[in-house]
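*Asks:* take this sequence and fold it.
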Amino acid sequence: MRDSGIGRVLVASLHQAIGDLLPTRLAFYESFLAVQALRDGTIGLAPLSAVLSFLRQEGEDYDRIMTRAGELAAEWTVESMAPIERSTMASAPPWLRARLVLRLARQLVRRSCAQSRAASRLRKKTARVDVLDSVFCTVREPAHHPLCGFYTAAFRRLLELFALPATATATDCRGRGDASCVIVVSLMAAADGPVTEEPAA
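*Replies:* Numbers count the residues shown, from 1 in each chain. Got it, this is the predicted structure:
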């Protein structure tokens, strides 16, 4: 990545999502960002911000693209893990696995953009993830709806990939005028047991 700290996982997933869902518009977006730079994750913050600004003008397609990009980012993040790390997480009991996946989600935020951070807290079946300085939510005028679709989809998909079905909802969004982006993740019962049980001391 470059000094701007824009990560390859964000760039590549965004490029793929545009190609999948708006193929006739892909050339337009590539006019801002060189194709090789998109694939290598070497773009700057300014061209990325321009692409995001134009995507927000695509109406409902913005949410579709952000969802698709987030899911791809989650899948590629898991694929890039060392096999032993991936298998260890997959075989952990649900209560521990949920915490490990949330840690992976925080890492994904950091790897997507160096200026962004995430903190998470899991209580019973509900996790609260605070995303600070999301690159998606830096806008001049407040948005009418949350712009955190990339991270919302990524967190949900990460949990699914480790057999922890969940829903994720952005309750606060900096792009809408809130102090930070807050994503609430509701964990459902896993196939191999509840996520809230911890071993007895």
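*Asks:* now do the contacts for I65.
*Replies:* 14, 17-18, 21-22, 55, 58 (Cβ atoms under 8 Å, 6 or more residues apart in numbering). To be clear about C-beta, it is placed using only N, CA and C from the backbone, and glycine gets the same treatment.
*Asks:* confirm it sits in a helix?
*Replies:* Yes. Counting by DSSP: H, G, I helix; E, B strand; the rest coil, I65 is part of a helix.
*Asks:* low-confidence ranges in the chain?
*Replies:* 1-4, 33-42, 189-201 (pLDDT under 70).
*Asks:* tell me the centre residue of it?
*Replies:* In the chain, the C-alpha nearest the mean C-alpha coordinate belongs to Y151, at 2.7 Å (Cα atoms, centre = their mean).
*Asks:* ok, what's across the strand from the closest residue to that one other than its chain neighbours?
*Replies:* Distance criterion Cβ to Cβ, 6 or more residues apart in numbering; nearest residue to Y151, sequence neighbours excluded, is V131 at 5.7 Å. Beta-bridge pairing of V131 under DSSP bridges involves A118, C181.
*Asks:* so who does V131 touch?
*Replies:* Per Cβ under 8 Å, 6+ apart, neighbours of V131: 109, 116-118, 148, 151, 180-183.
*Asks:* export those as TSV, with columns for distance to S87.
*Replies:* Formatted as TSV, the contacts of V131 follow (distance: Cβ to Cβ, whole Å):
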residue	distance to S87
V109	24
S116	29
R117	28
A118	25
C148	31
Y151	26
S180	34
C181	32
V182	32
I183	27
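*Asks:* if any of these are buried, give me the PyMOL selection for them.
*Replies:* Per 16 or more other Cβ atoms under 10 Å, the buried members of the contacts of V131 correspond to this PyMOL selection:
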select buried, resi 109+116+118+148+151+180+181+182+183
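*Asks:* show me which of the contacts of V131 is closest to L159.
*Replies:* Taking Cβ to Cβ as the measure, L159 lies nearest I183 of the contacts of V131, at 11.9 Å.
*Asks:* can you pull out the strands in the chain?
*Replies:* Taking DSSP state E as the criterion, the chain contains strands spanning 117-123, 126-132, 166-172, 181-187.
*Asks:* I'd like these as CSV, with distance to W76 appended.
*Replies:* CSV is the format used below for those (distance: least, Cβ to Cβ, whole Å):
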stretch, distance to W76
strand 117-123, 18
strand 126-132, 19
strand 166-172, 18
strand 181-187, 20
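*Asks:* deepest-packed of the ones you listed, please.
*Replies:* Among those, strand 181-187 has the highest mean neighbour count (mean count of other Cβ atoms under 10 Å), at a mean of 21.
*Asks:* now what about it, what contacts it?
*Replies:* 98, 102, 125-132, 134, 137, 146, 148, 151-152, 155-156, 159, 164-175, 195.
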